[in-house]
Structure formats: structure tokens, C-alpha cells
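*Asks:* Coordinates for the following, if possible.
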Amino acid sequence: MRPFGHNSPPWRGIGSPPVSRIGVTRPRTVLSVPALIMGILATVSVIALLLAPPISQDQDYHQFADQRALLGIPNFWNVVSNLPFIAVGALGLSKFYQKPATFVLFSGFLLTGFGSSYYHWNPSDETLFWDRLPMTLCFMAILAIAIEEQIDARVGALLLWPLLGVGLFSLLLWRWTGDLRLYVWVQFFPCLALPILFLTTPAKYTGLKYWIIAAVLYALAKVFELYDREIYSAIIVISGHTLKHFAAAGACFAILRYFQTRQPTLVGPDHRGTQAEIV
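*Replies:* Next up, the predicted model:
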């Protein structure tokens, strides 16, 4: 006969949740549906890229519409329009430097300003590498943060480093082979993954509107980039690529506002937001 007060009571059935020595229920580790969807999407998209023909860098890309020099700075407006990236990155780093994911994210914003300015000073494949490198840090950090907050805090934190490695390798692969396929995946896979995460998992923080604003501004930036010459021909004063920088920097600012204003949507011992907190 069990003594009264034994921490494994006789009425505990086989199907009961596991109990620790101090009587606290241990959560079971279950593969979530969003995690499964993310894994399938990543696998399918990588296979699709491998089956696609190699993507080379179009050399006409370096021929931007607005090539005016001012104050001794070539391609003046495409150079100085990167200053907002530096400002947003510096503001973010001044507060959100404690955790690796946010440190990488806002460092990426900051370095994008310098890398893009360097590239637009003298556009070429060699300088474009330094423009794209900090952007890959941003793309991969955003994906890791989304996984950290929407699926599992520890998984997202662990995935940050291999994701950054994939981003760096995608650029090295481009420089070694001339093939941009993996870099295309690095840039656009988060654009597919984030909506799925936000739609299939409950929000643990307020501020989803800032992610939506950032997505809209980033999409607008790609449109401005695509119609660089048409916009410059129409309004003369400013080119599409310069507007792209302003729109993309606006997206970065929206992400900064998310971290500045967000609050947990739930409270209590069962809320995973305390574990997923990254700032």
C-alpha cells in the first residue's frame, strides 16, 4: 500500500500528463502544424529552385536611371537615400541589442545603409556583394524571429545561426559560380513563410499591423525598383530606385515600431510569450 502523500498517487491513470517531482506538469513536445507546413514549404521551394535553370546577374542591373553626381558624389541620390537605413539600424541597436536575433536584425539594417551606399558609389558585381550581404542578415534574422515568436523560442534561437550561414553561403555561391538561385530563395522564402506563420498561429504579441505595413512597403519597394527608368522619365526629380530605398527603409522603420510598441497578448504561467521574448 502506498503511503499517503506519495508524489505518484495511485489514482493517476496511464493517460494522465507526466508530473515532475514537485508536481508541475511537464509539457509534451508535439510537432505543430505550422512547423510541419514550414518544413514542407522549405523543402519544396528548395527542390523547385534546384530544378530551375541557373540565374545569372543581369549586368544591365547596374545601369540605374539616375546617374547624376552632386557634391563630388557619383549617383548622388541613390547613395544618400541609404541614410534612413543607417538611422533605423542605429535606433534599433541602441535598445534591442541584448538578444542575438534583434542584434543581427538591426545590425543588418545599419550595414545595409553602408553597403548599399558603397555599391551605388561604383555599381558592379564586386560592390553588389557588399550591398546584398547585410540584406541577407536581415532576411534570415526576420525568419528566425518569426519562428522564435510564433512556433518555439528555442528552435528559433537555434535556427538563427544556420540560417545566417545559408544566407552567407548563397552570396559566396553566387560569386563562385555566377548562380543566384540560392540567394533568390534567401530573399523570398521569408516572404512566403511569414504570412503562413501569422495566419496559422495565434499572435503572442500586439503589433501585427506593423508587419503588414512592412510587407506592403517592401512590395512597393520592389515595384519602384522594377520601374526605375519609367518613374525617372515621368517625374525627372527622383528615380524609382531612390524611391525603392525610401520604401524599404520605411519597412525597416515599421519593424522597429513593432519592437518598440508590442505587448504580450496573453498573461499567465502557460503563456509561451515569456519564453519567446527576444527584447
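
*Asks:* quick one, what contacts the residue nearest the centre of the chain?
*Replies:* Nearest to the mean C-alpha position of the chain, counting by Cα atoms, centre = their mean, stands residue 142 at 2.3 Å. Applying Cβ atoms under 8 Å, 6 or more residues apart in numbering to residue 142 gives the contacts 105, 190, 194, 255. Using the backbone N, CA and C atoms, a C-beta is placed for each residue, glycine as well.

*Asks:* Verify the stated contact: the last one with residue 108.
*Replies:* Yep, that's residue 255 we're talking about. No. Using Cβ atoms under 8 Å, residue 255 is not in contact with residue 108; the gap is 10.7 Å.

*Asks:* any common contacting residues for the two?
*Replies:* With Cβ under 8 Å, 6+ apart, residue 255 and residue 108 have no common neighbours.

*Asks:* Considering the contacts of residue 142, which possesses the most neighbours?
*Replies:* Most neighbours among the contacts of residue 142, by other Cβ atoms under 10 Å: residue 105, with 29 neighbours.

*Asks:* Was I right to think that one contacts residue 148?
*Replies:* No. In this structure residue 105 lies outside contact range of residue 148 using Cβ under 8 Å: 11.4 Å.

*Asks:* Now do the contacts for the nearest residue in space to residue 228 that is not next to it in sequence.
*Replies:* In this structure, residue 228 finds its nearest non-sequential neighbour in residue 240, 3.7 Å apart by Cβ to Cβ, 6 or more residues apart in numbering. By Cβ under 8 Å, 6+ apart, the contact set of residue 240 is 65, 224-232.

*Asks:* Could you rerun that using 10 Å?
*Replies:* 64-66, 221, 223-234, 247 (Cβ atoms under 10 Å, 6 or more residues apart in numbering).

*Asks:* Distance from the chain centre to the helix or strand hosting residue 107, please.
*Replies:* Residue 107 is located in helix 100-121, with elements delineated by DSSP states H and E. Taking Cα atoms, centre = their mean, to the nearest Å, the mean C-alpha location of helix 100-121 is offset from the chain mean by 13 Å.

*Asks:* for the record, mean pLDDT for that helix?
*Replies:* For helix 100-121, the mean per-residue pLDDT is 97.

*Asks:* Could I get the buried residue list for whatever helix or strand comes next after that helix?
*Replies:* For helix 100-121, the following helix or strand on the C-terminal side (DSSP H and E) is helix 125-150. By neighbour count on 16 or more other Cβ atoms under 10 Å, the buried set for helix 125-150 is 127-128, 130-150.

*Asks:* repeat for stretch 53-72
*Replies:* 64-66.

*Asks:* Closest to residue 172 out of those?
*Replies:* residue 64 (25.4 Å; Cβ to Cβ).

*Asks:* The nearest residue to that closest one once chain neighbours are set aside: neighbour count?
*Replies:* Of all residues not flanking residue 64 in the chain, residue 241 sits nearest, at 5.2 Å (Cβ to Cβ, 6+ apart). Applying other Cβ under 10 Å, we find 24 residues neighbouring residue 241.

*Asks:* And residue 241, which helix or strand is it part of?
*Replies:* Residue 241 belongs to helix 240-261 when elements are defined using DSSP H and E.
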